[in-house]
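Peer 1: what follows is a predicted protein model with its sequence.
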Amino acid sequence: MARICFAIPDMNCGGAQRVVSEFANELAARGHELSILQIFRTGEPFYALDGRIRHLQPDTAYPKDARGLLLTMRWLRRTARQLRPDAVLAFHHRYNPFVMCSLLGTGIRIYVSDRCAPYAKPSPPAWNAKLACLLYPRAAGVIAQTRLSAEEKSRYNRNVRIIPNPLRRVEVPGGIVREHLVVNVGRMDSGKGQEELLRAFARLRDPGDWRLMLVGDGPQRGRLEALTDELRLRERVRFTGARKDVDALLARSSIFAFASLSEGYPNALLEAMASGLCCISFDCVAGPSDIIAHERSGVLVPVGDIDAYARELQCLIDDESLRERYAREAVGVRQTNDIGRITDLLTDFIHC
């Protein structure tokens with residue numbers, strides 16, 4: 001069995017963190033020796049990890065200044081050399097160059113996975129993008145989530161493989177009756193589109209007794225709650241904060257409204273479809289169109305077109321049979337993104 005390490009900035013609530021936890025748990029169950037190297041000290045993982053996985057982070061929460069980053073780099077290099085992994089998978093576009101710099105000269109095979117949308121504006125600092133251009137060609141391989149992402153990453157490295165996100169095993173509770181509830185799950189941050197979703201919900205022609213539930217937290221929450229009051233939606237919109245019982249909330253809902261304006265490969269949308277929900281999404285670059293077949297397993301709307309989003313959402317609210325038809329097709333992601341199948345693609349690519 002192979003020794004495999006994942007390197008990631010933190011294991012808080014987030015898409016990349018969810019994917020790392022799912023891959024690590026599956027690989028540990030197969031008998032591989034798994035370690036997660038958390039670059040910054042932020043506490044215990046948000047997602048449950050198999051007890052056989054080593055979760056390692058610096059003993060000290062180093063500041064993110066030049067000295068702190070050098071100390072973090074030294075810790076990462078020393079820890080990786082002690083573990084002697086067969087492969088390291090770096091899992092964050094902003095810190096992949098940092099991981100590669102830390103491990104230069106160790107002889108360890110490094111694979112990088114950028115989780116952001118293709119052609120996205122480079123994350124600060126500006127030199128990070130330049131480092132990626134210099135270092136990505138030296139990676140053993142690059143993991144892309146979508147075809148567009150693979151095309152973009154091939155500029156840096158010839159060994160690019162499309163490996164979509166694995167689907168965690170979604171629990172669909174029995175005996176729960178679906179309510180007239182539209183749900184959105186995601187971090188409340190710029191680009192996630194909750195503002196556009198609220199404005200679309202306010203423009204519904206006839207919402208009846210339907211309500212909107214926003215699950216998640218983030219820096220934009222206060223602004224979104226203020227907008228809810230401004231749009232006079234307070235009686236019809238609920239903010240739940242971050243929750244660990246998302247499966248039960250999805251099971252109660254009838255429509256999943258995804259509204260991101262930019263994505264890599266959205267786990268929340270994938271999990272909603274697996275739970276048998278009718279889904280509507282902006283057709284952003286990239287991700288939703290790789291998951292939803294328009295007007296077969298859900299609905300795609302031009303990015304940022306709030307009026308079109310409201311019209312399509314109203315159609316779903318008005319037509320229960322249409323919602324059920326889309327939901328029946330949506331559950332096909334349980335096979336296409338099965339954790340076992342996707343993990344097979346990963347182990348084949350990293351030769352482990």
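Peer 2: Perfect, I can see it now.

Peer 1: please enumerate the helices of this structure.
Peer 2: Using DSSP state H, the helices of the chain run over residues 15-29, 66-83, 96-103, 126-135, 147-153, 194-202, 221-230, 246-252, 267-274, 288-291, 306-318, 320-330, 333-336, 339-350.

Peer 1: deepest of the ones you listed, which one?
Peer 2: Sort the helices of the chain by mean neighbour count, taking mean count of other C-beta atoms under 10 Å, and helix 267-274 sits at the top with a mean of 26. C-beta: built from backbone N, CA, C; applies to glycine.

Peer 1: and the angle from that helix to helix 320-330?
Peer 2: 110 degrees (axes from the mean of the first three to the mean of the last three C-alpha atoms, to 10 degrees).

Peer 1: what's the average pLDDT for helix 267-274?
Peer 2: Here helix 267-274 scores 94 as its mean pLDDT.

Peer 1: chain center to stretch 193-211: distance?
Peer 2: 24 Å (C-alpha atoms, centre = their mean, to the nearest Å).

Peer 1: sorry, that was for stretch 267-281
Peer 2: Its chain's C-alpha centre and that of stretch 267-281 lie 13 Å apart, by C-alpha atoms, centre = their mean.

Peer 1: next: stretch 239-259.
Peer 2: Distance, stretch centre to chain centre, for stretch 239-259: 15 Å (C-alpha atoms, centre = their mean).

Peer 1: what's the average pLDDT for that stretch?
Peer 2: Stretch 239-259 carries an average pLDDT of 93.

Peer 1: show me the shaky parts of the stretch 51-200 of the chain.
Peer 2: Flagging of the stretch 51-200 of the chain using pLDDT under 70 yields the residue ranges 117-128.

Peer 1: list the contacts for the residue nearest to residue 254 when sequence neighbours are not counted?
Peer 2: Spatial nearest neighbour of residue 254, chain neighbours left out: residue 178 (4.8 Å); criterion: C-beta to C-beta, 6 or more residues apart in numbering. Residue 178 makes contacts with 251, 252, 253, 254, as judged by C-beta atoms under 8 Å, 6 or more residues apart in numbering.

Peer 1: tally of neighbours for the last one?
Peer 2: The one in question is residue 254. Residues lying near residue 254 (other C-beta atoms under 10 Å) number 19.

Peer 1: coming back round to it: pick out the most distant pair among the contacts of residue 178.
Peer 2: 251 and 254 (10.4 Å; C-beta to C-beta).

Peer 1: closest to residue 55 among the contacts of residue 178?
Peer 2: Closest to residue 55, out of all of the contacts of residue 178 and judged by C-beta to C-beta, is residue 251, at 30.1 Å.

Peer 1: who are the neighbours in contact with that closest one?
Peer 2: Neighbour list for residue 251: 172, 173, 176, 178, 275 [criterion: C-beta under 8 Å, 6+ apart].

Peer 1: OK, contacts around the third one?
Peer 2: Pointing back at residue 176 there. Counting by C-beta under 8 Å, 6+ apart, residue 176 touches 248, 251, 252.

Peer 1: my read: the first one touches residue 175, true?
Peer 2: No. Using C-beta atoms under 8 Å, residue 248 and residue 175 do not qualify as a contacting pair, with a distance of 11.2 Å.

Peer 1: format the helices of the chain as a markdown table; extra columns: distance to residue 208.
Peer 2: What follows is the helices of the chain, written out as a markdown table (distance: least, C-beta to C-beta, whole Å):
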| stretch | distance to residue 208 |
| --- | --- |
| helix 15-29 | 33 |
| helix 66-83 | 53 |
| helix 96-103 | 47 |
| helix 126-135 | 48 |
| helix 147-153 | 38 |
| helix 194-202 | 12 |
| helix 221-230 | 19 |
| helix 246-252 | 17 |
| helix 267-274 | 22 |
| helix 288-291 | 27 |
| helix 306-318 | 7 |
| helix 320-330 | 12 |
| helix 333-336 | 29 |
| helix 339-350 | 38 |
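
Peer 1: for residue 213, which of those helices is the nearest?
Peer 2: Using C-beta to C-beta, the helices of the chain put helix 246-252 closest to residue 213, at 7.0 Å.

Peer 1: and the gap between the residue nearest to residue 254 and residue 164?
Peer 2: Separation of residue 178 from residue 164 (C-beta to C-beta, to the nearest Å): 27 Å.

Peer 1: ok, residue 298 next?
Peer 2: According to C-beta to C-beta, residue 298 and residue 164 sit 16 Å apart.

Peer 1: neighbour count: those two, which is higher?
Peer 2: Taking other C-beta under 10 Å, residue 298 and residue 164 do not tie; residue 298 has more neighbours (26 against 21).

Peer 1: just list whatever residues bridge to the more buried one.
Peer 2: Beta bridges link residue 298 to residue 294 when assigned by DSSP bridges.
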